[in-house]
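K.L.:
Provided below are the primary sequence and the corresponding predicted coordinates.
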Amino acid sequence: MVFYRLMLLVGMLFPITVLAADSEIVLTIREHRFEPSELKVIANQKIRLIVKNLDATPEEFESHELNREKVISGKGQATIYIGPLKPGRYPFMGEFNQKTAQGVVVAE
Amino acid sequence: MFGTGIIVFRETLEAAMIIGILAAATVGIAGRSRMLLGGIAAGVAGAIVVALLTGRIAEMAGGTGQDLMNASILGFAVLMLAWHNIWMSRHGAALAQEARRVGHAVRGGEKTLLTLFVVIALAVLREGSETVLFVYGSMAGSETSALQVLTSGSLGLGAGALAGFLLYAGFLRIPLRWFFAATSGLILLLAAAMASQMARFLVQSDVLPDFGNPLWDTTGLLSNTSPAGVLLHALMGYDATPSGLQVVFYVTTLIVILFAMWMLRYRKDTISRF
Ligand SMILES: [Cu+2]
């Protein structure tokens, strides 16, 4: 928490530097499930989401709330840029395995 | 099990709508069905190749290769549709009339037939590569048997193709004076819809800024997952939560094509007057 406040302070002093540095988050797919199933991200900042698919079968990352849709091949990985997001919850799912592959991005 | 059919149906529907509209727009041009079937065949072949290469394509451009490829395919299809509509705005009305009169044997549409071929191949390629991957993925999954996947997949494919055919058949019943306006109007909306999808891929790969995401949210009014939402998405690119850039691409495409069509029709009038 202190760290984020410090970042915020630094951010106010050097807004351009902070905007340029996208934060990066890794999401893993294993046995048709997302790990972690809840991704906490900083609000109002662009995020570089790296999705690693450890399964042999392809999966489609889909979220109406995030306005994103992308196929990740089996044993492959892909990059999806999301945000800047207003604080809130943004559900996403694996369209090819909707029963198990469910997750949510929490921006705060 | 039922899910496979629905996903295949949704992907097929998008391609089938495009094929149905283009087939209607080119009624009477000789050699049209050869180009139609050729386009579908080329698209299916391309889809299988792209599906096989997905992993490698995805790794390009820092993990955004697939988005860039999709954006290029859509951009090219938009150009082709624009060209088709502009060309037809000069010759289409006469062509349609002639076709009805002399019974489906009009020459002179070769140029637009090539765009027909390319657009159909690209549409089938794009929607098809996802479908191939999905069907492959479901068959490899342990929950459902390969036979079940193939059965419901074929049902979805058949239903999608039927929807495209119904659209085509519906078009043929439109009186001749509105026929041209109706087909070129829908092709115009298709082009704008593809431009909007292209914008989505450019935003998600961070090539262009989103100018607000979403710009508005009409999910409560008409969600993208409802049957009407799916149909409107396939026909005219309806999106309940579009980004600002999508709206910019959509509107710009509409205006540019309409303006070019209007310019050419105007010029033709002035030329024939002299
Ligand atoms: Cu699609």
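P.N.:
In hand now; what should we look at?
K.L.:
can we go C-alpha only for contacts and neighbour counts from here?
P.N.:
Will do.
K.L.:
what average pLDDT does stretch A:83-100 get?
P.N.:
For stretch A:83-100, mean pLDDT is 90.
K.L.:
start to end distance for that stretch?
P.N.:
Stretch A:83-100 has an end-to-end distance of 25 Å (C-alpha to C-alpha, to the nearest Å).
K.L.:
close to chain B, is that stretch?
P.N.:
Yes. Using C-alpha under 8 Å from any C-alpha of the partner chain, stretch A:83-100 reaches chain B at A:83, A:96.
K.L.:
that stretch: which residues count as buried?
P.N.:
Neighbour-count burial for stretch A:83-100, counted by 16 or more other C-alpha atoms under 10 Å in any protein chain shown, picks out A:83-85, A:89-98.
K.L.:
can you list the residues of chain B near chain A?
P.N.:
B:54-55, B:58-59, B:62-64, B:67, B:130, B:133-134, B:136-138, B:140-141, B:200, B:203-206, B:213-214, B:241-243.
K.L.:
and for B:V248, the neighbour number?
P.N.:
B:V248 has 15 neighbouring residues, counting by other C-alpha atoms under 10 Å in any protein chain shown.
K.L.:
doesn't it fall inside a helix?
P.N.:
Yes. B:V248 forms part of a helix when assessed by DSSP: H, G, I helix; E, B strand; the rest coil.
K.L.:
just say helix, strand or coil for the closest residue in space to A:Q45 that isn't next to it in sequence.
P.N.:
Nearest non-adjacent residue to A:Q45, counting by C-alpha to C-alpha, 6 or more residues apart in numbering or on different chains: A:P84, 4.2 Å away. When classified by three-state DSSP, A:P84 comes out as coil.
K.L.:
next structured bit after the helix or strand of chain A at the bottom of the mean pLDDT ranking?
P.N.:
Scoring the helices and strands of chain A by mean pLDDT, DSSP states H and E places helix A:15-20 at the bottom, with a mean of 44. Later in the chain than helix A:15-20, the nearest helix or strand by DSSP states H and E is strand A:23-30.
K.L.:
got a list of contacts for that next one?
P.N.:
A:34-36, A:45-55 (C-alpha atoms under 8 Å, 6 or more residues apart in numbering or on different chains).
K.L.:
how about a cut-off of 6 Å?
P.N.:
A:34-35, A:47-55 (C-alpha atoms under 6 Å, 6 or more residues apart in numbering or on different chains).
K.L.:
in contact with the residue nearest to A:Q45, which residues?
P.N.:
A:P84 touches A:44-46, counting by C-alpha under 6 Å, 6+ apart.
K.L.:
emit the PyMOL select command for whichever of the residues you listed are buried.
P.N.:
Buried residues within those, by 16+ other C-alpha under 10 Å, are selected in PyMOL with:
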select buried, chain A and resi 45+46
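K.L.:
per-residue pLDDT of B:I174, please?
P.N.:
The model's pLDDT for B:I174 equals 85.
K.L.:
mind checking what secondary structure it has?
P.N.:
coil.
K.L.:
any low-confidence regions in chain B?
P.N.:
Applying pLDDT under 70 to chain B flags the ranges B:1-2, B:91-111, B:140-144, B:266-274.
K.L.:
residue in it nearest to chain A?
P.N.:
Residue nearest to chain A within chain B: B:G63 (4.4 Å; C-alpha to the nearest C-alpha).
K.L.:
residues touching A:G76, list them.
P.N.:
Here A:G76 is in contact with A:53, B:55 (C-alpha under 6 Å, 6+ apart).
K.L.:
do that again at 7 Å, thanks
P.N.:
Taking C-alpha atoms under 7 Å, 6 or more residues apart in numbering or on different chains, we find A:G76 in contact with A:52-53, B:55.
K.L.:
cool, and A:G74?
P.N.:
Contacts of A:G74 (C-alpha under 7 Å, 6+ apart): A:53-58.
K.L.:
switch to 6 Å and redo it
P.N.:
A:55-58.
K.L.:
chain B: helices as residue ranges?
P.N.:
B:2-25, B:32-63, B:65-102, B:110-140, B:146-172, B:176-204, B:227-236, B:244-273 (DSSP state H).
K.L.:
which secondary structure state does A:Y90 sit in?
P.N.:
strand.
K.L.:
my guess is it meets A:Q102, correct?
P.N.:
No. Between A:Y90 and A:Q102 there is no contact under C-alpha atoms under 6 Å: 11.2 Å.
K.L.:
now the two most distant members of the contacts of strand A:23-30.
P.N.:
A:I47 and A:D55 (23.9 Å; C-alpha to C-alpha).
K.L.:
what sits against B:A25?
P.N.:
Counting by C-alpha under 6 Å, 6+ apart, B:A25 has contacts B:T183.
K.L.:
for it, give its distance to B:R90.
P.N.:
14 Å.
K.L.:
can you pull the residues that touch both of these two?
P.N.:
Residues touching both B:A25 and B:R90 by C-alpha under 6 Å, 6+ apart: none at all.
K.L.:
re earlier: please, a PyMOL command that selects the buried ones among the residues of chain B next to chain A?
P.N.:
What follows is the PyMOL syntax selecting those of the residues of chain B next to chain A that are buried according to 16+ other C-alpha under 10 Å:
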select buried, chain B and resi 54+55+58+59+63+64+67+130+133+134+136+137+138+140+141+200+203+204+205+206+213+214+241+242+243
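K.L.:
for the residue lying closest to B:V124 once chain neighbours are set aside, the count of nearby residues, please.
P.N.:
Among residues not flanking B:V124 along the chain, B:G43 sits closest, at 4.7 Å (C-alpha to C-alpha, 6+ apart). B:G43: 25 surrounding residues under other C-alpha under 10 Å.
K.L.:
list the contacts for B:G43?
P.N.:
B:121, B:124-125.
K.L.:
again, but for A:L49
P.N.:
A:24-26, A:79-81.
K.L.:
then B:I257?
P.N.:
So B:I257 contacts B:A82 (C-alpha under 6 Å, 6+ apart).
K.L.:
quick check: residues of chain A near chain B?
P.N.:
A:57-58, A:73, A:76, A:78-81 (C-alpha under 6 Å from any C-alpha of the partner chain).
K.L.:
distance to B:E14 and pLDDT for the contacts of A:G74 - can I get that in JSON lines?
P.N.:
Output for the contacts of A:G74, formatted as JSON lines (distance: C-alpha to C-alpha, whole Å; pLDDT from 0 to 100):
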{"residue": "A:D55", "distance to B:E14": "28", "pLDDT": "91"}
{"residue": "A:A56", "distance to B:E14": "28", "pLDDT": "86"}
{"residue": "A:T57", "distance to B:E14": "24", "pLDDT": "85"}
{"residue": "A:P58", "distance to B:E14": "21", "pLDDT": "86"}
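K.L.:
appreciated, that's everything.
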